Structures are given as C-alpha cells and as structure tokens.
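Q: Fold the following for me, if possible:
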Amino acid sequence: MRLTKRLAIAATVTVLSALSSVALAADKLIIGTEGAYPPFNNLQADGTVTGFDIDIAKALCDEMKVECTFVTQDWDGIIPALQAKKFDAIIASMSITDERKEKVDFTDKYYNTGPAIAVAKDSPLTEGTEAGLDGKTLGAQASTTHSNYAEAHFKKSELKLYPTSEEYKLDLINGRIDGVIDDVVVLSEWVKSKDGDCCKILAALPVDPVINGAGAGIAIRKGEDALREKFNAAIKAIRANGKYKEINDKYFDFDVYGG
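A: Residues are numbered from 1 along each chain as shown. Below you'll find the model as predicted:
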C-alpha cells in the first residue's frame, strides 16, 4: 500500500510539474519576423527589430499578458522555421492567402494595403499596366504576393527576383531594372526617405483578392487554435481601446487597417 501511495504521489508531482511547465511556456512567446521590410519590420545595427509589425506584436503580447521575444529569419525560410518550432508565431506583414493556408493557420488581419509600382524619377514610363510595362524589367522580392502579382498581371515584363527588398531598391537606384513592385506603403515610405529620393510611385495597383489575400495576418502552426484565438481577441482589444490607433499614427497618416 505504501509503495502504491508513493507511486501515486510521484505521478501527481510529475503531472503537476508538466502542467507548470506548460503554464510557464504559455506565458512566453517567441515571435518570428523578417527584419528587412521597413516601415513594418527592420533590423537595427544594435540587433533590435523595430517597425509597425513589432509595435503591434508588443501591444498584442501586453494585451495577452505574455512575455514576447523576437527573432529574425530570412523570408524564404520563415514558414519552414515556424513549422520547425523555432518560434511560435510569424508577425512579418504576411498576407493571408489560400496557398499559405495550406501550410499555416492565420489570425484575423491586423492591416490591409495593396500593391504599387515604383520607378526612377526620370523614368519615361507613364502607366502601371501590362501594356505600359511591355518589355521592361520589374524587380520584386521572391516568394511574396507581389512577385506572384507581377507574374500574373505583367506577363510582358521580365521579372527579376531578390531575397529582400533592399536588393531590388539598389538595382532600381543604379538603373539595372526599370521598376519594382511591392506594398504601396513600403514603396511610398521609401520614396519619401533620403534613400529613396531617386524614385517615385508610378501607380497604385488594383488588389487581386486571390493573390493579395485578405490582408496581413499572424501565422501560427496548424492546429494551434487556442493561440490563434488569443491573438484574435487581442487584435480586437487593441482596436477598441485605442492602442492600435496610437501605433498606426506613429507610422502613417492614414488608417492602415484598411477595409
């Protein structure tokens, strides 16, 4: 009897320890981001990441009362890294698309903006259409909705793909490509900056719902419904309590949440 009791007590302690570990883990989240997509996320020289995505993530973590840390990951490998449990969620301006839903689950959107094309200020191009860009070279970041958009809607252009937005910007500045396609906010903020003084927005492009998706959401591993719902509740909360607007107004002079 005593042996049975000791075994029962040991089993209870083991279970309680496991539950404590789960509770502790639930109080901490690791957030994956790219760190090369200003003004949404950008890796600074001191190793910190800043931007709209990061401030929103911090606000959501505060709302959920969890401690969050950030790690950066190259865009091409960000979903495989999530699946490999290198972090718990991706907050990196990732568009919610059917193709990505086959690999990860998404929260509700936390912002929604469309694509655009930027060109050099002295460019002879006058319209952001397939005919207007016939025979021209367009740059885009690989494995993005914007590269998919160019493939679908600018079939008469040559598409050149880059690991990050920084590389295509350098090629546009140096005249090696005729234009670039990316998020309208990313390009607008860039051309307003000192680094982007070379260039201008040629055109904002109509959203393709199939390609561009339903806005940017937080990606989590398949089946982690409780975490997804916690994020969804936190998104609703910061939209309601004014924290979202505070962050929005820090970066933009319009409502980036979109329709």
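Q: Please, where are all the helices along the stretch 151-259 of the chain?
A: 165-173, 184-192, 209-212, 225-241, 243-251 (DSSP state H, counting those that start in this stretch).
Q: so where's the stretch 1-150 of the chain uncertain?
A: For the stretch 1-150 of the chain, applying pLDDT under 70 flags the ranges 1-26.
Q: so which of the helices of the stretch 151-259 of the chain comes closest to residue 154?
A: Residue 154 lies closest to helix 209-212 among the helices of the stretch 151-259 of the chain, at 12.1 Å (CB to CB). Any C-beta I mention is one placed from the backbone N, CA and C, and that applies to glycine too.
Q: Summarise which helices and strands the closest one is packed against.
A: If you count contacts as 3 or more CB pairs under 8 Å, 6 or more residues apart in numbering; DSSP states H and E, helix 209-212 packs onto helix 145-153.
Q: orientation of the helix it packs on relative to helix 165-173 in degrees?
A: Per axes from the mean of the first three to the mean of the last three CA atoms, to 10 degrees, the angle that helix 145-153 makes with helix 165-173 is 50 degrees.
Q: before we move on, the earlier item: how about a markdown table for the helices of the stretch 151-259 of the chain, with mean neighbour count and mean pLDDT added?
A: What follows is the helices of the stretch 151-259 of the chain, written out as a markdown table (neighbours: other CB atoms under 10 Å; pLDDT from 0 to 100):
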| stretch | mean neighbour count | mean pLDDT |
| --- | --- | --- |
| helix 165-173 | 19 | 97 |
| helix 184-192 | 19 | 96 |
| helix 209-212 | 16 | 95 |
| helix 225-241 | 16 | 98 |
| helix 243-251 | 16 | 98 |
